[in-house]
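Asker: need coordinates for the following:
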Amino acid sequence: MNRQKIDRVAALLVGARRTMVPLPGLAEPDRPAGVDEAHAIQDAVSAALQKPIGAYKAMAPANGEATRGIIYADTVLPSPARLPAAIVPNCGVEGEVAFIFRRDFPARPQPYTRDEISAGVDALAAIEVVHSRYTDHTKATTLEKLADCISNGAFVHAAPPAGWRALDLGKLKVRLTVNGATVMEHVGKHPTGDPLGVAVVLANMMRTGPGIRAGQFVTCGSCTGLMFLKPGDVCGVSFEGLGSAEVTFTR
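Answerer: Prediction:
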């Protein structure tokens with residue numbers, strides 16, 4: 001990996017976060033060469049911002065590399081949340097199954113097992129708020145988005161229910177509402193069908209780095225797709241048996 005390139009791109013993304021002026025995209029020489037380099041850019045942004053990490057978003061495609069995006073603690077909000085639209089102008093929303101880690105999963109040589117992760121987490125309903133540091137996120141490459149923490153703007157979480165272990169988390173009935181009206185309702189449609197498996201993948205990505213700390217969250221992929229709202233809108237997501245979360249984009 002090219003350290004100068006990583007620091008240069010990180011400085012651009014830090015500037016976009018601090019000024020709220022989006023980037024038109026990354027010039028060809030500055031685009032990440034792969035997943036590891038995109039993750040390194042995320043880490044360099046975090047080092048420059050000096051913000052504590054409150055959560056991660058993770059993706060574990062069946063035929064692709066696993067990825068993670070950093071979510072800063074000051075954007076992790078309990079439901080119901082009120083979030084100024086000015087700081088997340090895209091107002092993107094995704095209803096997701098997420099987990100809170102109840103104990104540390106530190107760096108170690110051997111992989112964490114599914115049973116270890118299952119015993120150390122609680123599941124909950126969440127809304128990932130999506131916002132890009134690029135002018136047009138639809139024109140950004142996958143690796144450009146990955147360098148930008150997979151376009152995360154904020155994370156709104158419900159409290160975990162006591163009986164979540166009896167649920168099939170990949171096949172829950174989910175309903176998305178906007179201003180009280182149902183705009184989407186279906187069963188399942190999690191990207192992998194196994195949210196807990198995504199949490200296991202994240203723990204094993206992080207065990208070769210800083211590990212995971214108790215109290216951090218992981219959100220495990222959209223069950224509703226991505227919808228863009230506008231200032232003043234109220235979005236709610238509910239998963240049958242798991243709970244519900246709500247965010248208002250204040251003007």
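
Asker: parallel or antiparallel, list what pairs with whichever strand or helix holds Gly69.
Answerer: Gly69 is part of strand 67-72, with elements assigned from DSSP states H and E. Its sheet considered, strand 67-72 pairs with strand 53-59 (antiparallel) by DSSP bridges.

Asker: tell me, what residue is most central in the chain?
Answerer: Lys57 (2.9 Å; CA atoms, centre = their mean).

Asker: dihedrals phi and psi, the nearest residue to Phe228 once chain neighbours are set aside?
Answerer: What sits nearest to Phe228 in space, not counting adjacent residues and going by CB to CB, 6 or more residues apart in numbering, is Gly92, at 5.2 Å. C-beta coordinates here come from the backbone N, C-alpha and C atoms, glycine included. Backbone geometry at Gly92, expressed as degrees, to the nearest 10, gives phi -80, psi 150.

Asker: look up how far Ser222 lies from Gly92.
Answerer: To Ser222, Gly92 is 10 Å away according to CB to CB, to the nearest Å.

Asker: specify the beta-bridge partners of the residue nearest to Phe228.
Answerer: Residues in beta-bridge contact with Gly92 (DSSP bridges): Val130, Phe228.

Asker: skip the chain neighbours and tell me the closest residue to the residue nearest to the centre of the chain.
Answerer: That would be Gly69: by CB to CB, 6+ apart, it lies 4.3 Å from Lys57.

Asker: pLDDT at that neighbour, what is it?
Answerer: pLDDT for Gly69: 98.

Asker: residue contacts, it?
Answerer: Contacts for Gly69 were tallied using CB atoms under 8 Å, 6 or more residues apart in numbering; they are Gln42, Tyr56, Lys57, Ala58, Leu146, Cys149, Ile150, Ser151, Asn152.

Asker: what is the mean pLDDT for the longest helix along the chain?
Answerer: Taking DSSP state H as the criterion, the chain has its longest helix at helix 3-19. Average pLDDT, helix 3-19: 97.
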